[in-house]
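# I'd like to go over a predicted model; first the sequence, then the structure.
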Amino acid sequence: MGKRYFCDYCDRSFQDNLHNRKKHLNGVQHLRAKRVWYDLFRDAAAILQEEQTKKPCRKFLQTGQCDFGSNCRFSHMTEQDLEKLSAQVQGESSNKNMSR
């Protein structure tokens, strides 16, 4: 059996050849898994800035869930969530200023 390629983002393996690897790396499932992975390491300031530019998701506000989940182009954060995130950003920036 030939070489196998293992994708850490998707937790799956497949036969390693150029066609299969390109197909996988450009696939929707892989791109979503990769984005989810990198979103885990984003700082609070970047998340806050992005969420403040989005409009609220009507379906999420009405029902508490959205079919699009993390792929929704609207914000799923409440005013309280945004306030907590803003306080976290201010706390992080004051900690950075103190350490200098």
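Ah, there it is. Numbers count the residues shown, from 1 in each chain.

# confidence score at Arg58?
Note on Arg58: pLDDT of 95.

# part of a strand, is Phe6?
Yes: membership of Phe6 in a strand is supported by DSSP: H, G, I helix; E, B strand; the rest coil.

# can you tell me the closest non-neighbouring residue to it?
Leaving out its chain neighbours, the residue that sits closest to Phe6 by C-beta to C-beta, 6 or more residues apart in numbering is Ser13, at 4.3 Å. C-beta here means a position set from N, CA and C on the backbone, and glycine is covered the same way.

# could you confirm the one you found falls within a strand?
Yes: judged by three-state DSSP, Ser13 forms part of a strand.

# count of neighbours near it?
12 (other C-beta atoms under 10 Å).

# ok, and the helix or strand in the protein with the lowest average confidence?
Across the helices and strands of the chain, mean confidence by mean pLDDT, DSSP states H and E is lowest for helix 79-99: a mean of 84.
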